[in-house]
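Q: got a sequence here, can you build the structure:
(one chain, ligands or ions: 1)
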Amino acid sequence: MPNKLNLSRYNILGTSETDHDLHIDAETTTPPRSCLACGSDNIVGGGRQEILIKDTPMYGKRVGIYVKARRIRCLDCGKTLTERLPDVAESQRMTTRLYRWIAERSIDKTFISIAHDVGVSEGTVRKIFNEYTAELARTLVFETPEWMGIDEIHIIGKPRGVITNIESNTVVDLLVDRSKVLITNYFMRLENRRSIKCVTMDMWQPYKDAVYSALPQAFVVVDKFHVVRMANAALEVIRKGIRADLTQKQARGLMHDRFILLKREDKLEPFQRLILETWTKNFPALGDAYRAKEDFFAIYDAMTIPEAKAAYDRWQRNLSPTINEAFKPLLTAMSNWETEIMNYFEHPVTNAYTECLNGLIRVIECSGRGYSFDALRSKILYTAGAHKKVVPPFQRKRPSDAFERFTGFSSPTSDRPREKNFGTDISTLLQIIQTGSS
Ligand SMILES: [Zn+2]
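A: Next up is the predicted model:
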């Protein structure tokens with residue numbers, strides 16, 4: 001049983017416990033000396049009132065402190081008031097340290113598990129979470145990426161915008177939707193948005209419009225991955241198109257062998273080459289489509305924009321009319337996004353995190369019961385320990401500080417190195433969630 005609360009302004013009067021809970025009777029160490037309303041010291045005692053405040057768990061048990069709070073009657077103003085309790089979070093009926101304890105855990109644990117651990121309602125945990133994340137949003141500023149990525153990710157049934165820092169491979173924000181207005185506003189609010197050099201994205205027109213209007217100095221790059229997968233999609237259209245000409249057995253075989261078709265030619269095993277040849281010999285359209293897909297991927301071997309442009313022109317001229325229709329979406333994308341697709345050859349930046357982030361979101365959505373988008377966003381952005389930071393090197397106290405004490409002039413502090421926070425490292429966060437989830 002505890003003989004100490006580590007709350008210096010309380011004395012323990014007695015304790016009792018059950019299997020799960022610890023009950024502590026206590027009073028404040030210093031009785032009030034004046035009236036809370038008028039400040040007069042002409043006061044008399046007016047009995048006690050028991051106030052239950054929750055505290056952080058001890059010895060694996062939930063803790064309730066029953067404070068015998070003093071009532072004071074003022075002989076001057078006539079009011080009877082209860083003493084103010086120290087170290088208690090305003091209006092929450094809990095110690096400030098429990099408030100903090102809940103706030104920090106609310107980011108990476110489910111509300112219901114926290115509520116159970118300390119004996120408060122889920123609503124109370126949610127309220128603290130909201131207050132805490134609002135505070136974090138005000139105070140926690142991530143460095144604006146010079147090389148920024150925007151991508152879409154499905155969270156709670158809707159595509160959302162994910163903003164990443166390409167260089168540090170971190171997530172810096174999640175946007176509730178992918179509208180141009182929202183993304184433009186997001187850019188406009190960024191600190192030093194003019195330092196953004198490059199934005200890599202998938203082919204989503206509102207992203208492009210938002211960048212060109214809010215970040216005119218930045219160039220847009222379409223990630224290779226988003227382009228070449230359209231060549232694969234075209235090949236799939238051809239494969240599905242010839243299904244009608246196949247026997248049931250052949251159709252099943254082709255379905256099975258589609259992975260061979262989608263594989264890069266130089267990655268094929270000898271037996272896979274044979275299978276591929278059989279299909280392409282019997283179905284010339286499939287052969288043409290496979291060839292077109294491979295040749296399209298090969299455009300990305302180009303080292304410069306002119307080389308890439310020439311390679312693409314060649315590719316387009318050689319495209320067989322029989323498969324032209326299936327490649328239409330790719331051709332359209334190439335013409336609508338030509339500049340941005342070609343920019344890749346000058347700045348081959350790519351978003352490496354997407355798969356990782358998808359995995360993380362699946363883990364969170366499975367573990368937490370019914371997260372809101374805001375809760376999920378806070379969890380991803382604000383989990384303590386998941387941030388990639390650069391702490392400035394230790395600096396000797398500068399002579400100017402001593403100077404300041406003598407003269408009363410303050411020295412400029414803006415040139416001092418400060419800690420930089422680059423946002424959430426996805427793999428670190430995944431580790432935290434997987435090892436700490438309960
Ligand atoms: Zn008074």
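Q: what does the stretch 51-200 of the chain put close to the ion?
A: Cys74, Asp76, Cys77 (Cβ under 5 Å from the ion). The way it works is simple: take the backbone N, C-alpha and C, and place the C-beta from them, glycine included.
Q: neighbour-wise, which of the residues you listed leads?
A: Cys74 (21 neighbours; other Cβ atoms under 10 Å).
Q: quick check: it touching Gly39?
A: No: in this structure, Cys74 is not within contact of Gly39 by Cβ atoms under 8 Å, at 9.3 Å.
Q: lowest average confidence across helices and strands of this protein, where is it?
A: Scoring the helices and strands of the chain by mean pLDDT, DSSP states H and E places helix 399-407 at the bottom, with a mean of 53.
Q: quick one: list the elements packing against the helix or strand hosting Thr278.
A: Element membership of Thr278, judged by DSSP states H and E, is helix 270-282. If contacts are counted by 3 or more Cβ pairs under 8 Å, 6 or more residues apart in numbering; DSSP states H and E, helix 270-282 sits against helix 258-262, helix 284-299.
Q: which of those is buried the deepest?
A: helix 284-299 (a mean of 20; mean count of other Cβ atoms under 10 Å).
Q: got the angle between that one and helix 270-282?
A: Per axes from the mean of the first three to the mean of the last three Cα atoms, to 10 degrees, the angle that helix 284-299 makes with helix 270-282 is 130 degrees.
Q: who are the packing partners of the helix or strand following helix 284-299?
A: The helix or strand immediately downstream of helix 284-299 is helix 305-318, counting by DSSP H and E. Contacts defined by 3+ Cβ pairs under 8 Å, 6+ apart place helix 305-318 against helix 284-299, helix 338-343.
Q: nearest to Glu83, out of those helices?
A: Nearest of the helices and strands packed on helix 305-318 to Glu83, taken as Cβ to Cβ: helix 338-343 at 66.7 Å.
Q: name the residues of the closest one that are buried.
A: For helix 338-343, burial by neighbour count (16 or more other Cβ atoms under 10 Å) applies to Glu340, Ile341, Met342, Asn343.
Q: roughly how far does the second one sit from Val220?
A: Yep, that's Ile341 we're talking about. 10 Å (Cβ to Cβ, to the nearest Å).
Q: same thing with the last one?
A: Between Asn343 and Val220 the distance is 7 Å, computed by Cβ to Cβ.
Q: do the first one as well
A: Using Cβ to Cβ, we find Glu340 at a distance of 4 Å from Val220.
Q: just want the most central residue of this protein.
A: Nearest to the mean C-alpha position of the chain, counting by Cα atoms, centre = their mean, stands Ile380 at 3.1 Å.
Q: that one contacts Val363, doesn't it?
A: No: with contacts counted by Cβ under 8 Å, Ile380 stays clear of Val363, the gap being 11.1 Å.
Q: mind listing what's buried in the strand ranked longest in the chain?
A: For the chain, the longest strand by residue count, based on DSSP state E, is strand 43-58. By neighbour count on 16+ other Cβ under 10 Å, the buried set for strand 43-58 is Ile43, Ile53, Lys54, Asp55, Thr56, Pro57.
Q: for Val162, phi and psi?
A: phi -120, psi 130 (degrees, to the nearest 10).
Q: now the one 10 residues further on
A: According to degrees, to the nearest 10, the main-chain angles of Val172 amount to phi -110, psi -20.
Q: measure it to the ion for me?
A: From Val172 across to the ion, the span is 53 Å (Cβ to the ion, to the nearest Å).
Q: can I assume that residue is in contact with Asp425?
A: No: using Cβ under 8 Å, Val172 is not in contact with Asp425; the gap is 11.2 Å.
Q: can you give the domain ranges for this structure?
A: 1-86, 224-343 (automatic domain parsing).
Q: average model confidence for the last one?
A: Model confidence over domain 224-343, given as mean pLDDT, is 94.
Q: what is the end-to-end distance of stretch 202-218?
A: 16 Å (Cα to Cα, to the nearest Å).
Q: just the buried residues of that stretch, please?
A: Asp202, Met203, Trp204, Pro206, Tyr207, Lys208, Ala210, Val211, Ala214, Leu215, Ala218.
Q: name the SS class of the second one, please.
A: When you say that, I think you mean Met203. Per DSSP: H, G, I helix; E, B strand; the rest coil, the secondary structure class of Met203 is coil.
Q: for the stretch 1-150 of the chain, what spans make up the helices?
A: With DSSP state H, counting those that start in this stretch as the criterion, the stretch 1-150 of the chain has helices at 96-108, 111-118, 122-139.
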